[in-house]
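[1] All I have is the shape, not the residue letters:
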């Protein structure tokens, strides 16, 4: 089957709303011809040449003449054109750069120009061309004012990012113009907007939290009961916070934010949340799922996030009623609350009972426990070194860097946490289990300082082999090849490297195989220096 046939035969239906996924109608198709035969008998295909391409036929005949090389060349041309349009052409010669007209293209927003500013944002929220909008761009003194205006006029995030880019271009032009007058360090717009967005999000989170607390503490009687409560999701602070999260995701994907600072800000929000059942913490779950792949690329941030997620899981499980009931199943008070193993009369372990109760709470806690568990599993798979046990000084080291994040879980391994039921759930848990076993092996080696300590089982392990290889390299470095006597000869070196020769038929240890490989590499490597290299 040719490439054209394969592409059409294996195409998928659209998974979103919109026009139906059918082949386009031909403008002069025969079934639309209202002839006398068609009116009386209807349209039939018996007298039509079946080789022609009509609605009743297939598009495979049209794709028969397609050449794969022509398709790939056209696709490459599209990619190259897209890259050319998205690349900012910057000339090395400053004299040839197209200067930005600060006076004509930009104007400062003041109280007198408020009406003109509102009109501009209405056009920005519409579909007006950027070429026309770039002729007169409003400039604000504070970045927060831009965000407020974008939310007020419901500007799409893609067009809001364009306005932020224009502000960055204006500030860069101002810095270039004032460079000769004032010698100041250039401010990176990525860091500037990262700080501005994270600070603005934290302010809106505080306002939303205040609204939630006010609604929860409002009395039911008196004059205060006559005041209509404002739902948090309808407040301005909530809309601004939601818009800023979407704006951050758009800018993060385009590389317009400092990724380290932004991800660290998310970790700080998780760390500062004391009660994992807070409404604002539940709203943070989609953000954790959006950036979990980015966290896994940074071992330090992944370790901090896993530590905080493990602590939150522990708090949720210990506060569950099922955990308390299954901890003391013989208590008459807990008779109706104890969760049993399916098909038996034995109670579930307290930790799994608590996880099961949280997972069944579909109205609130299910989203939190599933997300936190997914973060732990994803970090175990993509960055298992973040789960390795470490220890430094307790006085100077942050708590998130001491021990392992798995130590904070409530008597459960990461592969035993809650997860949505899927067809490949057992296979997925096995993958997480293998990563956890790898982290355990590394942790054991770190705990024993990569030393065998005379343990026979440790001699055949990985860190025993590494220790033997290091000792072999030290012996080779100390050996003097230009001198030969009773204390410095090949036989002595052989005994130091290999030890006692095993009897015939005895198996060769893994340590001996490792030593053999390192000696062979040492003999022929070009990195050695000296007379014998």
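    It's in. The structure displayed is predicted, hence computed values, not measured ones. Numbers count the residues shown, from 1 in each chain.

[2] Helices of the stretch 301-450 of the chain, start to end?
    For the stretch 301-450 of the chain, applying DSSP state H, counting those that start in this stretch gives helices covering 321-327, 350-360, 365-382, 425-447.

[3] okay, the angle between the longest one and helix 365-382?
    What separates the directions of helix 425-447 and helix 365-382 is an angle of 60 degrees, with axes from the mean of the first three to the mean of the last three C-alpha atoms, to 10 degrees.

[4] i'd like the first residue to be 220 from this point on
    Shifting the count to begin at 220 puts that one at helix 644-666.

[5] so where's this protein shaky on pLDDT?
    Counting by pLDDT under 70, the chain contains low-confidence ranges at 220-244, 263-281, 307-323, 398-404, 437-448, 612-616, 669-682, 719-730, 746-752.

[6] in the lengthiest helix in it, what's buried?
    The residue-count maximum for a helix in the chain (DSSP state H) belongs to helix 408-436. Neighbour-count burial for helix 408-436, counted by 16 or more other C-beta atoms under 10 Å, picks out 408-409, 412-417, 419-420, 423-424, 426-427, 430-431. All C-beta spots, glycine's among them, are computed from the backbone N, C-alpha and C.

[7] Let me know the closest of these to residue 740.
    Of all these, residue 409 has the smallest distance to residue 740: 44.2 Å, by C-beta to C-beta.

[8] Identify the residues contacting the closest one.
    474-477 (C-beta atoms under 8 Å, 6 or more residues apart in numbering).

[9] Looking at those, which is nearest residue 304?
    Nearest to residue 304, judged by C-beta to C-beta, of these is residue 474 at 16.6 Å.

[10] returning to what we had before: which of the contacts of residue 409 ranks first by neighbour count?
    residue 476 (25 neighbours; other C-beta atoms under 10 Å).

[11] gap between the longest helix of the chain and the chain center?
    Computed by C-alpha atoms, centre = their mean, to the nearest Å, the chain-centroid distance of helix 408-436 equals 22 Å.

[12] where do the strands sit along this protein?
    Along the chain, the segments classed as strands by DSSP state E run 325-327, 356-358.

[13] Redo these as a markdown table? Include distance to residue 395.
    Shown next, in a markdown table, are the strands of the chain (distance: least, C-beta to C-beta, whole Å):
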| stretch | distance to residue 395 |
| --- | --- |
| strand 325-327 | 14 |
| strand 356-358 | 16 |
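
[14] would CSV of these with distance to residue 538 and mean neighbour count be doable?
    Listed next are the strands of the chain as CSV, based on distance: least, C-beta to C-beta, whole Å; neighbours: other C-beta atoms under 10 Å:
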stretch, distance to residue 538, mean neighbour count
strand 325-327, 53, 15
strand 356-358, 50, 18
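
[15] what's the closest of those to residue 302?
    For residue 302, the closest of these is strand 356-358, at 26.2 Å, according to C-beta to C-beta.

[16] what pairs with that closest one, and is each one parallel or antiparallel?
    Its sheet considered, strand 356-358 pairs with strand 325-327 (parallel) by DSSP bridges.

[17] What separation is there between residue 427 and residue 449?
    Note on residue 427: its distance to residue 449, by C-beta to C-beta, to the nearest Å, is 11 Å.

[18] no wait, residue 390
    For residue 390 relative to residue 449 (C-beta to C-beta), the value is 37 Å.
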